[in-house]
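# Sequence below, structure please.
(4 chains)
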There are 2 protein chains.
Amino acid sequence: MAKFKLDDIDHQILNMLIENTRTPFTDIAKKLNISAGTVHVRVRKMEEAKIIQGSSLTLNYNSLGYNFIAYVGIFLEKTSQTQFVLNRLEDIPNITVAHVTTGKFNLFVKIRAKNTEHAKNVIFKIDDIDGVSRTETMISLEESLNDKTRLMKSIFEEM
Amino acid sequence: MAKFKLDDIDHQILNMLIENTRTPFTDIAKKLNISAGTVHVRVRKMEEAKIIQGSSLTLNYNSLGYNFIAYVGIFLEKTSQTQFVLNRLEDIPNITVAHVTTGKFNLFVKIRAKNTEHAKNVIFKIDDIDGVSRTETMISLEESLNDKTRLMKSIFEEM
DNA sequence: GGTGAAAGCACCGAGTT
DNA sequence: AACTCGGTGCTTTCACC
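Numbering: from 1, shown residues only, chains lettered A, B, ... in the order given. A predicted model of the protein is given here:
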């Protein structure tokens, strides 16, 4: 991947789109004193360079009945089983993030479920995967901060 | 919050917008054999009901130089300091998620940094917060799965 | 790499069924 | 509720700078 150089205009475009993906390019153009065509070209280039990978809605999981979040640390019998287990984890949609980690656990995943009963089923599914020796669960009582946009904005301020 | 009943049309609209927030309403309308006006009204209602909270870009952090992910478990001196510490954590933009948890740790956060040196500074900042007795870090060697959209889509299939 | 204008569409409200 | 329709405004391209 060729290193792609972003300038301040790009950062500002990203900052506005991060807040709201549907911000009209004409609004962005006005604010930055450039033409809408320029905004369009720059966004397309960032998409082609895969800096912008896509866009997604932020949904309210609580109102969809998904109130339960937990993190599960996974111990494997052998680390050589890592890829196999990761593939099995992919089949469980309630796992929203999976990491290979150093330290205590071999793998570490985040799960989102409707309630404790539902979460139990998810954890049992994980325990059932060949190669998983045991798991350790941490239940989230409160997700007090979950805002990717904070990081993104700070990245551009630092640069 | 009044319970808001989503029907299958709503689910399909969400599924298309989850993939790409800028999908034209006319495209959605064609696919679902409804009018674009109806799509518009339904989306607005879901926004008003706060089911759709907003939209955001998916950026490639690696190409922005942010290659380092770790999870940090935080032990507090007293649980009564929870809110105070959460507020301090908010000031660190590299913390992208924070949870109050049961089990081993009192708090649990995810950090994203440029490299190990940068991460070290972030962790030291956490250690320096009043009320934090110690921390335990798990470094992610690989983020193999990070796709909210999988969960969202599965939610609508189940319903 | 940027502009400005023009053509093509999409959005979104009003009125209707 | 959902549809059609039309004014308004957004996107996207292109010739030119």
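
# Quick check on the closest residue in space to residue A:116 that isn't next to it in sequence: phi, psi?
Leaving aside its chain neighbours, residue A:116 sits nearest to residue A:68 (6.4 Å; criterion: C-beta to C-beta, 6 or more residues apart in numbering or on different chains). Using the backbone N, CA and C atoms, a C-beta is placed for each residue, glycine as well. Here is the backbone geometry of residue A:68 (degrees, to the nearest 10): phi -110, psi 120.

# Okay, strands next: where are they in chain A?
Counting by DSSP state E, chain A has strands at residues A:52-59, A:68-76, A:95-101, A:107-113, A:132-146.

# Report the buried residues of the worst-scoring helix or strand of chain A on mean pLDDT.
None of the helices or strands of chain A scores lower by mean pLDDT, DSSP states H and E than helix A:148-158, at a mean of 84. Within helix A:148-158, the residues that qualify as buried are A:148-153, A:155-156, counting by 16 or more other C-beta atoms under 10 Å in any protein chain shown.

# which of those residues come close to chain B?
A:148-153, A:155 (C-beta under 8 Å from any C-beta of the partner chain).

# what does chain A put close to DNA strand D?
A:22, A:24-27, A:36-37, A:40-41 (C-beta under 7 Å from any atom of the strand).

# 10 Å - rerun?
Listed as neighbours of DNA strand D in chain A under the rule C-beta under 10 Å from any atom of the strand: A:17, A:21-30, A:35-41, A:43-44.

# Look through chain A and state the residue closest to DNA strand C.
Of all residues in chain A, residue A:37 sits closest to DNA strand C, at 3.0 Å by C-beta to the nearest atom of the strand.

# what's the neighbour count on the nearest residue to residue A:118 once chain neighbours are set aside?
The spatially closest residue to residue A:118, leaving aside those adjacent along the chain, is residue A:68, at 6.8 Å (C-beta to C-beta, 6+ apart). For residue A:68, the number of neighbouring residues by other C-beta atoms under 10 Å in any protein chain shown comes to 20.

# ok, what's across the strand from the residue positioned nearest the centre of chain A?
When C-alpha atoms, centre = their mean is applied to chain A, the residue found nearest the centroid is residue A:97 (7.1 Å). In this entry, residue A:97 is beta-bridged to residue A:110, residue B:146, by DSSP bridges.

# list the contacts for it?
Residues near residue A:97 by C-beta atoms under 8 Å, 6 or more residues apart in numbering or on different chains: A:109-110, B:143, B:145-146.

# just to revisit the earlier point, check which helices and strands the least confident helix or strand of chain A is in contact with.
If you count contacts as 3 or more C-beta pairs under 8 Å, 6 or more residues apart in numbering or on different chains; DSSP states H and E, helix A:148-158 packs onto helix A:8-19, strand B:52-59, strand B:95-101.

# do that helix and DNA strand C meet?
No. For helix A:148-158 and DNA strand C, the contact criterion (C-beta under 10 Å from any atom of the strand) is not met; the two come no nearer than 16.3 Å.

# Now do that helix and helix A:8-19, the angle between them.
Interaxial angle, helix A:148-158 versus helix A:8-19 (axes from the mean of the first three to the mean of the last three C-alpha atoms, to 10 degrees): 170 degrees.

# any idea how far helix A:148-158 is from the chain center?
15 Å (C-alpha atoms, centre = their mean, to the nearest Å).

# Export that helix to PDB, keeping only CA atoms.
Provided in PDB are the C-alpha atoms of helix A:148-158 (Å, rounded to 0.1, in the frame of the first residue of the first chain):
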ATOM      1  CA  LYS A 148     -14.400   6.000  18.000                       C
ATOM      2  CA  THR A 149     -14.900   9.500  16.700                       C
ATOM      3  CA  ARG A 150     -12.900  10.900  19.700                       C
ATOM      4  CA  LEU A 151      -9.900   9.000  18.600                       C
ATOM      5  CA  MET A 152     -10.300   9.900  15.000                       C
ATOM      6  CA  LYS A 153     -10.500  13.600  15.700                       C
ATOM      7  CA  SER A 154      -7.500  13.500  18.000                       C
ATOM      8  CA  ILE A 155      -5.500  11.800  15.300                       C
ATOM      9  CA  PHE A 156      -5.900  14.700  13.000                       C
ATOM     10  CA  GLU A 157      -5.200  17.300  15.600                       C
ATOM     11  CA  GLU A 158      -1.900  15.600  16.400                       C
END
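
# Outline the domain layout of chain A.
A:6-55, A:59-138 (the TED database).

# mind checking the end-to-end distance for the first one?
From the first residue to the last, domain A:6-55 extends over 19 Å; the measure is C-alpha to C-alpha, to the nearest Å.

# Equivalent analysis for stretch A:14-33, please.
One end of stretch A:14-33 sits 16 Å from the other (C-alpha to C-alpha).

# any residues touching that stretch, and which ones?
A:6, A:9, A:12-13, A:35-36, A:38-40, A:43, A:46, A:52, A:55, A:149, A:152-153, A:156, B:21-22, B:54-57, B:59.
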